[in-house]
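S.K.: Only the shape, not the letters, is given here:
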């Protein structure tokens, strides 16, 4: 049996710290947290992938958290990531959703590749010349910067999604999975 390609947290505090980073829950809400809070955060993460009965059980786990501020924060995130913003984190997507995300970003990346290089170089050259002579940026320059930013952001999202897909395939090959 082979081991997972990364180290899992062993103590409750290490688990809390790790979950805090993943879920962006402020550490001040997690003071004195233990196993009940770890289970509630795990239920929050998995909630959108559960069936109706599992969701009822997950809600009871979340509502059992003694710290009311933390419980409210977990409830907000649970409902937000289920009904408002299901793409909370790339790791929260199902395999089907992840593949659709990769397909979407690949289409944009391909289009940007076909259109972008030549126009981008000319636009960049014009922008530098105009800024040098006029000492200010016009609307077309801001538009060019927004386009560059969008292309770069899309490429980063595509790389993250492909890395997540690679991680999932690594875990599937593990003897522990």
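M.R.: Looks like it came in fine. Given the structure is predicted, the values throughout are model-derived calculations rather than measurements. Numbering: from 1, shown residues only.

S.K.: Quick one: neighbours of residue 94, just the number.
M.R.: 11 (other Cβ atoms under 10 Å). The way it works is simple: take the backbone N, C-alpha and C, and place the C-beta from them, glycine included.

S.K.: ugh, wrong one, I meant residue 25
M.R.: Counted with other Cβ under 10 Å, the neighbours of residue 25 add up to 20.

S.K.: so is it in a helix, a strand, or just coil?
M.R.: Following DSSP: H, G, I helix; E, B strand; the rest coil, we place residue 25 in the coil state.

S.K.: low pLDDT regions in this protein?
M.R.: Scanning the chain for pLDDT under 70 picks out 1-6, 81-89, 113-148, 170-177.

S.K.: What are the boundaries of the helices in it?
M.R.: With DSSP state H as the criterion, the chain has helices at 12-23, 35-46, 52-63, 68-79, 95-134, 139-173.

S.K.: out of these, nearest to residue 29?
M.R.: Evaluated over the helices of the chain, closeness to residue 29 peaks at helix 68-79, with 4.4 Å, by Cβ to Cβ.

S.K.: helices or strands up against the closest one?
M.R.: helix 35-46, helix 52-63 (3 or more Cβ pairs under 8 Å, 6 or more residues apart in numbering; DSSP states H and E).

S.K.: Could you look over those helices and pick the most buried one?
M.R.: helix 35-46 (a mean of 19; mean count of other Cβ atoms under 10 Å).

S.K.: Residue 75 against residue 62, yeah?
M.R.: Yes. Residue 75 is within contact range of residue 62, at 6.1 Å (criterion: Cβ atoms under 8 Å).

S.K.: which residues touch residue 78?
M.R.: 43-44, 47, 58-59, 62 (Cβ atoms under 8 Å, 6 or more residues apart in numbering).

S.K.: hang on, the earlier thing: out of the helices and strands packed on helix 68-79, nearest to residue 9?
M.R.: The nearest among the helices and strands packed on helix 68-79, by Cβ to Cβ, is helix 35-46 at 9.6 Å.

S.K.: which other helices and strands contact the closest one?
M.R.: Using 3+ Cβ pairs under 8 Å, 6+ apart, helix 35-46 sits against helix 12-23, helix 52-63, helix 68-79.

S.K.: what residues does it touch?
M.R.: With contacts defined as Cβ under 8 Å, 6+ apart, helix 35-46 is touched by 12, 15-16, 19, 22-23, 25, 30, 58-59, 61-62, 64-67, 70-71, 74, 77-78, 81, 92.
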